[in-house]
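Asks: take this sequence and fold it.
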Amino acid sequence: MDSFLPFPDCDTISKTYNGQIDSHLIQKTNEGYREILPNLPRGKGWMTEHLVQYQGVWLTPNAALKGLMWVQDHFKPRSTDIFLATFPKTGTTWLKALTFATFNRTRYGFADHPLLTTVPHGCLPFLEACPNDLDGFPSPRLLSTHIPYT
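Replies: Next up, the predicted model:
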(Lines give C-alpha, C1' and ligand atoms only; values in the text may rest on other atoms or scores of the structure.)
Protein backbone atom coordinates (compact mmCIF):
# COMPACT_ATOMS: atom_id res chain seq x y z
CA MET A 1 0.00 0.00 0.00
CA ASP A 2 2.90 2.39 0.55
CA SER A 3 3.32 2.84 -3.20
CA PHE A 4 -0.25 4.11 -3.40
CA LEU A 5 0.16 7.22 -1.25
CA PRO A 6 -0.97 10.49 -2.79
CA PHE A 7 1.92 12.44 -1.29
CA PRO A 8 3.99 12.29 1.90
CA ASP A 9 1.70 14.61 3.83
CA CYS A 10 -0.69 17.50 3.31
CA ASP A 11 2.08 20.08 3.56
CA THR A 12 3.69 18.71 0.39
CA ILE A 13 1.19 20.73 -1.63
CA SER A 14 2.59 24.04 -0.44
CA LYS A 15 6.21 22.84 -0.39
CA THR A 16 6.21 21.30 -3.87
CA TYR A 17 5.29 24.50 -5.63
CA ASN A 18 8.32 26.75 -5.86
CA GLY A 19 6.37 29.88 -6.77
CA GLN A 20 7.66 30.00 -10.32
CA ILE A 21 4.87 29.80 -12.87
CA ASP A 22 5.91 30.81 -16.36
CA SER A 23 4.58 34.35 -16.78
CA HIS A 24 4.00 33.66 -20.48
CA LEU A 25 1.55 30.87 -19.59
CA ILE A 26 -0.29 33.13 -17.16
CA GLN A 27 -0.46 35.88 -19.76
CA LYS A 28 -1.76 33.48 -22.41
CA THR A 29 -4.57 32.24 -20.15
CA ASN A 30 -5.47 35.78 -19.07
CA GLU A 31 -5.61 36.97 -22.68
CA GLY A 32 -7.91 34.12 -23.62
CA TYR A 33 -10.09 34.89 -20.61
CA ARG A 34 -10.38 38.59 -21.49
CA GLU A 35 -11.22 37.72 -25.12
CA ILE A 36 -14.09 35.35 -24.39
CA LEU A 37 -15.60 36.84 -21.20
CA PRO A 38 -17.60 39.66 -22.88
CA ASN A 39 -19.18 37.19 -25.32
CA LEU A 40 -20.33 34.56 -22.82
CA PRO A 41 -24.01 34.27 -21.80
CA ARG A 42 -24.66 35.69 -18.33
CA GLY A 43 -27.09 34.65 -15.66
CA LYS A 44 -27.94 35.72 -12.13
CA GLY A 45 -25.78 34.06 -9.50
CA TRP A 46 -26.72 33.17 -5.94
CA MET A 47 -23.31 33.50 -4.26
CA THR A 48 -21.94 35.95 -6.78
CA GLU A 49 -23.53 38.76 -8.76
CA HIS A 50 -23.63 36.77 -11.97
CA LEU A 51 -22.51 33.57 -13.64
CA VAL A 52 -21.25 32.97 -17.15
CA GLN A 53 -21.89 29.95 -19.34
CA TYR A 54 -18.73 28.41 -20.77
CA GLN A 55 -18.84 25.17 -22.77
CA GLY A 56 -22.27 24.35 -21.38
CA VAL A 57 -21.37 24.93 -17.71
CA TRP A 58 -22.38 27.89 -15.52
CA LEU A 59 -19.35 29.26 -13.65
CA THR A 60 -18.33 32.24 -11.58
CA PRO A 61 -16.56 34.55 -14.01
CA ASN A 62 -13.37 35.02 -12.04
CA ALA A 63 -11.89 32.08 -10.17
CA ALA A 64 -13.86 29.18 -11.64
CA LEU A 65 -13.66 30.25 -15.28
CA LYS A 66 -9.99 31.20 -15.07
CA GLY A 67 -9.22 27.95 -13.24
CA LEU A 68 -11.07 25.87 -15.82
CA MET A 69 -9.27 27.60 -18.68
CA TRP A 70 -5.92 27.03 -16.94
CA VAL A 71 -6.67 23.33 -16.49
CA GLN A 72 -7.74 22.91 -20.10
CA ASP A 73 -4.66 24.71 -21.39
CA HIS A 74 -1.91 23.46 -19.08
CA PHE A 75 -2.84 20.44 -16.93
CA LYS A 76 -1.04 17.22 -17.87
CA PRO A 77 -2.94 14.22 -16.49
CA ARG A 78 -1.23 11.00 -15.53
CA SER A 79 -2.66 7.52 -15.83
CA THR A 80 -2.27 7.17 -12.06
CA ASP A 81 -4.19 10.35 -11.13
CA ILE A 82 -7.20 9.89 -8.89
CA PHE A 83 -9.96 12.49 -9.08
CA LEU A 84 -12.67 13.21 -6.56
CA ALA A 85 -15.30 15.01 -8.66
CA THR A 86 -18.16 16.56 -6.70
CA PHE A 87 -20.86 19.12 -7.30
CA PRO A 88 -20.50 22.19 -5.03
CA LYS A 89 -22.20 21.95 -1.63
CA THR A 90 -22.66 18.16 -1.74
CA GLY A 91 -20.24 17.04 0.96
CA THR A 92 -16.93 17.70 -0.74
CA THR A 93 -15.03 18.38 2.49
CA TRP A 94 -16.29 15.17 4.07
CA LEU A 95 -15.47 13.13 0.95
CA LYS A 96 -11.98 14.64 0.78
CA ALA A 97 -11.33 13.63 4.39
CA LEU A 98 -12.59 10.09 3.75
CA THR A 99 -10.54 9.76 0.57
CA PHE A 100 -7.32 11.00 2.15
CA ALA A 101 -7.82 8.85 5.25
CA THR A 102 -8.56 5.76 3.15
CA PHE A 103 -5.51 6.13 0.93
CA ASN A 104 -3.29 6.78 3.95
CA ARG A 105 -4.85 4.35 6.41
CA THR A 106 -1.62 2.47 7.08
CA ARG A 107 0.67 5.47 7.02
CA TYR A 108 -0.57 7.51 9.99
CA GLY A 109 -1.69 6.67 13.50
CA PHE A 110 -4.54 8.36 15.31
CA ALA A 111 -2.20 10.71 17.19
CA ASP A 112 -0.25 12.05 14.21
CA HIS A 113 -2.80 12.00 11.39
CA PRO A 114 -2.55 15.14 9.18
CA LEU A 115 -6.32 15.61 9.23
CA LEU A 116 -6.03 16.52 12.93
CA THR A 117 -4.18 19.71 12.01
CA THR A 118 -4.93 20.27 8.31
CA VAL A 119 -8.28 20.79 6.61
CA PRO A 120 -9.19 18.23 3.93
CA HIS A 121 -8.92 20.91 1.23
CA GLY A 122 -5.21 21.10 2.08
CA CYS A 123 -4.80 17.37 1.48
CA LEU A 124 -6.68 17.09 -1.82
CA PRO A 125 -6.23 20.30 -3.79
CA PHE A 126 -8.89 21.58 -6.16
CA LEU A 127 -7.49 21.12 -9.62
CA GLU A 128 -9.10 24.31 -10.94
CA ALA A 129 -8.01 26.39 -7.93
CA CYS A 130 -4.43 25.17 -7.93
CA PRO A 131 -2.60 26.59 -10.95
CA ASN A 132 0.63 25.42 -9.39
CA ASP A 133 2.90 23.00 -11.10
CA LEU A 134 1.30 19.71 -10.11
CA ASP A 135 4.00 17.83 -12.02
CA GLY A 136 6.08 17.91 -8.85
CA PHE A 137 3.60 15.77 -6.93
CA PRO A 138 4.47 12.08 -6.70
CA SER A 139 2.12 9.54 -8.26
CA PRO A 140 -0.60 8.80 -7.71
CA ARG A 141 -1.90 12.33 -7.22
CA LEU A 142 -5.16 12.74 -5.31
CA LEU A 143 -6.96 15.71 -6.84
CA SER A 144 -10.45 17.11 -6.47
CA THR A 145 -12.61 19.13 -8.81
CA HIS A 146 -15.99 20.74 -9.25
CA ILE A 147 -15.55 20.69 -13.04
CA PRO A 148 -18.37 18.49 -14.40
CA TYR A 149 -16.51 17.68 -17.62
CA THR A 150 -13.75 19.12 -19.76
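
Asks: how close does R141 sit to G109?
Replies: According to C-beta to C-beta, to the nearest Å, R141 and G109 sit 24 Å apart. Glycine gets a C-beta too; all of them are placed from N, C-alpha and C.

Asks: which one of these two has more residues nearby?
Replies: Remark: of R141 and G109, R141 carries more neighbours, 20 against 7, as counted by other C-beta atoms under 10 Å.

Asks: what about stretch 122-141, how long is it end to end?
Replies: End-to-end distance of stretch 122-141 (C-alpha to C-alpha, to the nearest Å): 13 Å.

Asks: pull out the buried positions in that stretch.
Replies: In terms of neighbour count (16 or more other C-beta atoms under 10 Å), stretch 122-141 has its buried residues at 122-134, 137, 140-141.

Asks: cool, and stretch 74-92?
Replies: Those buried within stretch 74-92 under the rule 16+ other C-beta under 10 Å are H74, F75, D81, I82, L84, T86, T92.

Asks: need the three-state assignment for the fifth one.
Replies: In the three-state summary, L84 is assigned as strand, counting by DSSP: H, G, I helix; E, B strand; the rest coil.

Asks: residues contacting stretch 30-47, please?
Replies: Stretch 30-47 is contacted by residues H50, L51, V52, Q53, Y54, W58, T60, P61, L65, K66, M69, D73 when judged by C-beta atoms under 8 Å, 6 or more residues apart in numbering.

Asks: including secondary structure and pLDDT, could those go into JSON lines?
Replies: Supplementary listing: the contacts of stretch 30-47 in JSON lines, determined by DSSP: H, G, I helix; E, B strand; the rest coil; pLDDT from 0 to 100:
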{"residue": "H50", "secondary structure": "strand", "pLDDT": "92"}
{"residue": "L51", "secondary structure": "strand", "pLDDT": "94"}
{"residue": "V52", "secondary structure": "strand", "pLDDT": "96"}
{"residue": "Q53", "secondary structure": "strand", "pLDDT": "96"}
{"residue": "Y54", "secondary structure": "strand", "pLDDT": "95"}
{"residue": "W58", "secondary structure": "strand", "pLDDT": "91"}
{"residue": "T60", "secondary structure": "coil", "pLDDT": "90"}
{"residue": "P61", "secondary structure": "coil", "pLDDT": "90"}
{"residue": "L65", "secondary structure": "helix", "pLDDT": "91"}
{"residue": "K66", "secondary structure": "helix", "pLDDT": "88"}
{"residue": "M69", "secondary structure": "helix", "pLDDT": "90"}
{"residue": "D73", "secondary structure": "helix", "pLDDT": "86"}
